[in-house]
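# Return atomic coordinates for the entry below.
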Amino acid sequence: MTDAGNLAIRETPIPGLLFLDLPVHGDRRGWFKENWQRDKMTGLGLPDFGPVQQNVSFNAAAGTTRGIHAEPWDKLISVVTGRVLGVWVDLRAGEGFGRVVTREVDPAAAVFVPRGVGNGFQTLEPDTAYSYLVNEHWRPDAAYTMVNLADPELGIEWPIPLDRAVLSDADRTHPMLEQVVPAAARSIAILGGGQVASALLDEFPDARQITRSELDLSDLAAVEAYDLSRYDVVINAAAYTAVDEAETAQGRREAWAVNASAVAALTRAVNRARATLVHFSTDYVFDGADESWGEDSPLAPLSVYGQSKAAGDLAAGCAQRHYLIRTSWVIGAGHNFVATMRRLADQGVSPKVVDDQRGRLSHTATIAAAVAHLLRTRAPHGTYNVTDAGPSRTWAGIAQDVFTAAGREPGAVAPVSSAEFFGDRSHAPRPANSTLRLDKIEAAGYRPPEVAMQGQAEEGR
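Residues are numbered from 1 along each chain as shown. Got it, this is the predicted structure:
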């Protein structure tokens, strides 16, 4: 046997069901293949599904038919010896319910089967060994969804007719498709009630919002015990953001409780649920000494708030599947810097604005769209900088642009240093440069927009 091609992954008409072509290396002794190779496969788009158990089904006779079950876990199936006709039926609620995909599977192929998709097969050769990795331990009380192998609505052309096939009595009596209760799809949970959470709810209208009244992140025992098993994605948009108040004794405790300790507890809960964690970070985890910051730049926070967020970054990075979204200068619906500048421009006020801090705005719509893109494309997990595109500006420069768009002279905004602006008031140190590099998110296929200042000014009305 010679090498059988290169590793490749292809999508199918059933969302999430993926076909893999596996290289098989053979000689006169036999053959060898990598049935599961995490780095290579996830790099090509296979979900990092975290298998915990391997099962092997040995089938002595050709025509052995095992059938169509959708368990509450993901599977990576392949064949060790022999060949099978693989059959998959989407049994998840939605427009794809009942869709069927088939293909022949031999040792040079594998198939990733997401939870809720029914998986069955018929052996085409005797002594066929069928292998599958799963990301939950088998348990007798698991909720299975099953459909009858012989249902004419499915239109499956079994190579060996079922009346001559080898199958169990149970598989003969499973319900027809019209009687099947669709498997409930795991949904998205959004924690928090601020501007980012609001934009995320617009982007994911079917998501469930979990507010502080239901889950207080400062209650670590409650976070640890919260059942996230119904969710495929958990987006943590909750945070302690009172930057200056965090410098006080009480604020320090609250900042660390919500931004660090709670994230560690949430990460453990997400890992138990085999879900994906989306967590938000900030430019405040850097000291501002460099001109710009990449995802791998060293953490060096100046403030208590920045320190608590940096600790939360490290905790979120322990999620088996995670996207850490680092933003700066967030602008969303409601009270924000642009809205304040627009109001002052309309009122004829000439404000003093800090001119020694430089960065980019991050509109919440930009952030939410980036999250949706990463989840939809199953981009590699890790940290991504997400801000609006365009040149970096100082706060004073942005204010001057808003005044210009509002019909006021930019000179009405007086640029001042941070020391002059804060005076004797107690305040947290800010990074002088918060410009985040966007190369990685753009390489993942999402190009953040450069929001026109005229539109920002109108948004601020």
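# any low-confidence regions in the stretch 151-300 of the chain?
Where the stretch 151-300 of the chain drops to pLDDT under 70, the residues are 185.
# just for the stretch 1-150 of the chain, where's the confidence low?
1-5, 141.
# Please, where are all the strands along it?
Counting by DSSP state E, counting those that start in this stretch, the stretch 1-150 of the chain has strands at residues 8-11, 18-21, 24-27, 30-33, 53-59, 65-70, 75-81, 84-90, 100-105, 109-113, 117-123, 128-134, 145-146.
# out of those, deepest packed?
Most buried of the strands of the stretch 1-150 of the chain by mean neighbour count (mean count of other Cβ atoms under 10 Å) is strand 117-123; its value is a mean of 26. C-betas here are computed from N, CA, C, even on glycine.
# who does that one touch, helix- and strand-wise?
Secondary-structure packing of strand 117-123 (3 or more Cβ pairs under 8 Å, 6 or more residues apart in numbering; DSSP states H and E): strand 65-70, strand 84-90, strand 128-134.
# can you put these in CSV and add distance to E224?
Shown next, in CSV, are these (distance: least, Cβ to Cβ, whole Å):
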stretch, distance to E224
strand 65-70, 30
strand 84-90, 34
strand 128-134, 25
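# For the residue of the chain positioned farthest from its centre, give its distance to V84.
Relative to the centre of the chain, the most outlying C-alpha is that of R164, 45.8 Å out, by Cα atoms, centre = their mean. For R164, the distance to V84 equals 17 Å [Cβ to Cβ, to the nearest Å].
# got it, and Q209?
From Q209 to V84 the distance is 44 Å (Cβ to Cβ).
# do F49 as well
Separation of F49 from V84 (Cβ to Cβ): 21 Å.
# Now do the SS call for the residue nearest the centre of the chain.
The chain has L375 as the residue nearest its centroid, 4.6 Å off, counting by Cα atoms, centre = their mean. When classified by DSSP: H, G, I helix; E, B strand; the rest coil, L375 comes out as helix.
# shouldn't it be in contact with A275?
No: here L375 lies out of contact with A275, judged by Cβ atoms under 8 Å, at a distance of 11.6 Å.
# which residues are common contacts for those two?
Shared contacts of L375 and A275 (Cβ atoms under 8 Å, 6 or more residues apart in numbering): V233.
# quick one, helices of the stretch 201-350 of the chain?
Assigned by DSSP state H, counting those that start in this stretch, the helices in the stretch 201-350 of the chain fall at 220-225, 249-256, 262-272, 304-316, 337-346.
# tell me which residues in the second one are buried?
It refers to helix 249-256. Buried residues in helix 249-256, counted by 16 or more other Cβ atoms under 10 Å: 251-256.
# and what of the shortest one?
Buried residues in helix 220-225, counted by 16+ other Cβ under 10 Å: V223.
# Who are the packing partners of it?
Using 3+ Cβ pairs under 8 Å, 6+ apart, helix 220-225 is in contact with helix 262-272.
# ok, P410 - contacts?
Contacts of P410 (Cβ under 8 Å, 6+ apart): 400-401, 403-404.
# could these go into TSV alongside secondary structure?
As requested, the contacts of P410 are exported to TSV (three-state DSSP):
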residue	secondary structure
Q400	helix
D401	helix
F403	helix
T404	helix
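# In TSV, list those residues along with distance to V416.
TSV is the format used below for the contacts of P410 (distance: Cβ to Cβ, whole Å):
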residue	distance to V416
Q400	13
D401	17
F403	15
T404	19
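# Please identify which pair of these lies farthest apart.
D401 and F403 (7.3 Å; Cβ to Cβ).
# between those two, which one's more packed in?
When D401 is set against F403 and neighbours are counted by other Cβ atoms under 10 Å, the residue ahead is F403, at 24 against 20.
# And for the nearest residue to that one once chain neighbours are set aside, the neighbour number?
Distances taken as Cβ to Cβ, 6 or more residues apart in numbering put A345 closest to F403, at 4.8 Å, once the chain neighbours are dropped. If you count neighbours by other Cβ under 10 Å, A345 ends up with 24.
# next one: A170
Neighbour number of A170 under other Cβ under 10 Å is 10.
# cool, and the one 5 residues further on?
P175 has 13 neighbouring residues, counting by other Cβ under 10 Å.
# D171 now?
Neighbour count of D171, defined by other Cβ under 10 Å: 19.
# Surely it is in contact with T64, unless I've mixed up the numbering?
No: contact between D171 and T64 fails when scored by Cβ under 8 Å: they sit 10.7 Å apart.
# which residues pair with the closest residue to P159 other than its chain neighbours across the strands?
Nearest residue to P159, sequence neighbours excluded (Cβ to Cβ, 6+ apart): L85, at 5.9 Å. When bridges are called by DSSP bridges, L85 pairs up with E104, Q122.
# Tally up the residues packed near the closest residue in space to E254 that isn't next to it in sequence, please.
Leaving aside its sequence neighbours, E254 sits nearest to Y240 (Cβ to Cβ, 6+ apart; 5.4 Å). When neighbours are counted by other Cβ under 10 Å, Y240 registers 25.
# again with the one 3 residues further on
For V243, the neighbour count with other Cβ under 10 Å is 19.
# which residues sit in contact with the residue nearest to the centre of the chain?
233, 276, 278, 323.
# Let's see that with 7 Å instead.
By Cβ atoms under 7 Å, 6 or more residues apart in numbering, the contact set of L375 is V233.
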